[in-house]
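> got a structure for you, letters missing:
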């Protein structure tokens, strides 16, 4: 089993552990942090379930799911969560997703996080394509992905069912041969 640790200038990534449940609940349980996710705020038990699934996925071969704690590089506090899911039918491609605690918004950390996910996916996992889908209303995610070097591909209509109804998604991607580590 390959353990993940990625060091960035302002944020770091590492495997989630059971000890992270309360900190991750600060993201997954927050109505503001989940407003653009396809689900509403999660209860502490539900976050514990996600962490348990991630721990099991870390032991799988081939490994298709990476649920990673996002740490403030200076203080080492958990400030968010990142996900990279390799597509089983297209093992050269992976979807990313991320969420930050609202107290971290507006500081450019999302861009750093996306750059770290791209570096991990292309550099360590040897992927060819990495993509992410965002809510059309999630302009900070748009800015983070574009600034990190991803390209906006287009809109998938009624892509996800959310507690508020069907939602479109805007897809962004980066390709291995176009990506330049920044």
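Perfect, thanks for sending it. Just so it is clear, the structure is predicted and the values come from calculations on it, not from any experiment.
> alpha carbons only for contacts and neighbour counts from here, please
Will do.
> distance check, residue 158 against residue 166.
Distance of residue 158 to residue 166, given as CA to CA, to the nearest Å: 5 Å.
> residues touching the lengthiest helix in the chain, excluding its own?
Counting by DSSP state H, the longest helix found in the chain is helix 44-58. Helix 44-58 is contacted from outside by 1-3, 16-18, 21-22, 24-25, 28-29, 63-67, using CA atoms under 8 Å, 6 or more residues apart in numbering.
> PyMOL command for the buried members of those?
Typed into PyMOL, the line below selects the buried ones among the contacts of helix 44-58, using 16 or more other CA atoms under 10 Å:
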select buried, resi 16+21+22+24+25+28+29+65+66+67
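> with adjacent residues omitted, what lies nearest to residue 36?
residue 135 (5.7 Å; CA to CA, 6 or more residues apart in numbering).
> how close does residue 131 get to residue 43?
28 Å.
> who's more crowded, these two?
Using other CA atoms under 10 Å, the more surrounded residue of residue 131 and residue 43 is residue 131, with 22 against 13.
> now do the SS call for the more buried one.
strand (DSSP: H, G, I helix; E, B strand; the rest coil).
> shouldn't it be in contact with residue 94?
Yes - between residue 131 and residue 94 there is a contact at 6.4 Å, judged by CA atoms under 8 Å.
> and residue 20, that one's in a helix?
Yes - counting by three-state DSSP, residue 20 is found in a helix.
> so what's it up against?
By CA under 8 Å, 6+ apart, the neighbours of residue 20 are 69, 78.
> then the one 3 residues further on?
For residue 23, the contacting residues are 78-79, by CA under 8 Å, 6+ apart.
> just to be sure, it is in a strand?
No - read with three-state DSSP, residue 23 is helix and lies in no strand.
> what's the separation between it and residue 145?
Taking CA to CA, one finds residue 23 at 24 Å from residue 145.
> helices of the protein, start to end?
Using DSSP H, helices in the chain cover 21-28, 44-58, 109-119, 139-147.
> mind giving me TSV with those helices and columns for mean pLDDT and distance to residue 80?
Below are the helices of the chain laid out as TSV (pLDDT from 0 to 100; distance: least, CA to CA, whole Å):
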stretch	mean pLDDT	distance to residue 80
helix 21-28	95	6
helix 44-58	95	13
helix 109-119	96	10
helix 139-147	95	14
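> of all those helices, which one is nearest residue 178?
Closest approach to residue 178 among these (CA to CA): helix 109-119, 11.6 Å.
> got the angle for the closest one vs helix 139-147?
40 degrees (axes from the mean of the first three to the mean of the last three CA atoms, to 10 degrees).
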